[in-house]
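Chemist: Prediction below, plus the sequence it came from.
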Amino acid sequence: MTSPFKEKTELQNEIKTFINKYKSIVINQADRMSDYFEMSCFNLIVQFYEHEGYTVTVENLNDNHYRYKCSTSGVQSNFSHFKVSKFVDGSLHDFEIQHNLNVGSSHNTEIFTTPDISIVKANCIKESTEYYLSKKRFTYVENDAMISFCEVKNFNPFPELVFNFIGVVNELRKEIINKEKIAFETIHIAPSLMISGKGNKQTNKIKEELEDRYDLNIIYELFYSGVSIFSKANHLALAYK
């Protein structure tokens with residue numbers, strides 16, 4: 001079988017090249033292959049919005065260095081993110097693509113989970129010292145500020161992994177599970193499970209069934225097919241329907 005995993009140096013070079021497009025330098029704080037794959041997937045989401053005609057800018061650089069947030073810990077303002085903007089009918093719509101941001105549940109405002117990548121309304125991140133007993137700072141967005149999200153897994157797909165994603169969708173976007181239509185004035189990527197490895201007969205059937213049942217994406221083989229899957233010609237296939 002062909003391995004679904006690239007060499008670390010190949011991913012590093014791809015990430016550096018992407019960030020250099022924005023006249024910035026990557027602060028290399030990653031130490032695991034899964035971190036590099038997550039950073040690569042983050043860049044693919046930015047490219048989705050580029051292809052859709054959004055104006056893309058880098059925010060919160062540190063001495064011209066881009067800092068990915070490769071952990072669920074840490075305060076969001078200490079890391080960089082991308083801002084995407086688009087005029088529709090004379091109105092400007094601003095969103096942020098954030099990395100490992102805490103997002104409120106669509107069922108209970110006191111419950112949070114942390115998707116790997118989140119697309120949220122701009123300037124909606126809040127901070128609290130009441131979430132932890134230690135009074136440590138906690139940064140988050142409320143559920144109604146979240147547009148979409150992506151989970152990233154550096155594995156070959158297997159049934160439990162794919163089905164677990166539906167639980168996250170239910171927690172953050174219960175409308176999708178309830179098959180309610182979600183309307184936005186601008187086009188956005190639908191909630192997506194992004195997996196490095198290639199599916200087999202069983203996991204391919206699960207992917208087809210869940211994508212047919214719900215408004216979401218389950219994407220396999222991203223290490224070697226990411227460029228074509230997220231190409232300009234194909235990007236609308238990944239959007240909310």
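Modeler: Sure, I can see it. Numbers count the residues shown, from 1 in each chain.
Chemist: Off-centre distance for stretch 142-149?
Modeler: 12 Å (Cα atoms, centre = their mean, to the nearest Å).
Chemist: Apart from its neighbours in sequence, what residue is nearest N234?
Modeler: Spatial nearest neighbour of N234, excluding adjacent residues (Cβ to Cβ, 6 or more residues apart in numbering): S228 at 6.9 Å. For the C-beta atoms, the positions are set from N, CA and C on the backbone; glycine is no exception.
Chemist: neighbours of that neighbour, just the number please.
Modeler: As a burial measure, S228 scores 10 neighbours (other Cβ atoms under 10 Å).
Chemist: Quick check: the gap between the most centrally placed residue in the chain and I97.
Modeler: Nearest to the geometric centre of the chain sits I117, at 2.6 Å (Cα atoms, centre = their mean). Relative to I97, I117 is positioned 7 Å away (Cβ to Cβ, to the nearest Å).
Chemist: Identify the contacts common to these two.
Modeler: Common neighbours of I117 and I97 (criterion: Cβ atoms under 8 Å, 6 or more residues apart in numbering): F42, I45.
Chemist: Point me to the helix or strand that includes I147.
Modeler: strand 146-153 (DSSP states H and E).
Chemist: follow-up on the earlier one: pretty sure the residue nearest to N234 contacts A237?
Modeler: No - counting by Cβ atoms under 8 Å, S228 stays clear of A237, with 11.3 Å between them.
Chemist: tell me which residues of the helix ranked longest in the chain are tucked away?
Modeler: Counting by DSSP state H, the longest helix found in the chain is helix 33-51. Buried residues in helix 33-51, counted by 16 or more other Cβ atoms under 10 Å: 34-51.
Chemist: Tell me the buried residues in the one helix or strand in the chain whose mean pLDDT sits lowest?
Modeler: Sorted by mean pLDDT, DSSP states H and E, the helices and strands of the chain end with helix 8-20, the least confident at a mean of 85. For helix 8-20, the neighbour count (16+ other Cβ under 10 Å) marks L11, Q12, E14, I15, F18, I19 as buried.
Chemist: Quick check: N178 vs Q76, distance?
Modeler: According to Cβ to Cβ, N178 and Q76 sit 30 Å apart.
Chemist: which one of the two has more residues nearby?
Modeler: Q76 (22 against 10).
Chemist: For this structure, just list every one of the helices.
Modeler: Counting by DSSP H, the helices of the chain are 8-20, 33-51, 159-172, 174-177, 201-213, 222-229.
Chemist: Output the contacting helices and strands for the fourth one.
Modeler: Helix 174-177 sits against helix 159-172, with contacts defined as 3 or more Cβ pairs under 8 Å, 6 or more residues apart in numbering; DSSP states H and E.
Chemist: And the fifth one, by the same measure?
Modeler: Helix 201-213 is packed against helix 159-172, strand 217-219, with contacts defined by 3+ Cβ pairs under 8 Å, 6+ apart.
Chemist: for the last one, what is the average pLDDT?
Modeler: Mean pLDDT, taken over the full extent of strand 217-219, equals 98.
Chemist: The longest one too?
Modeler: Averaged over helix 159-172, pLDDT sits at 98.
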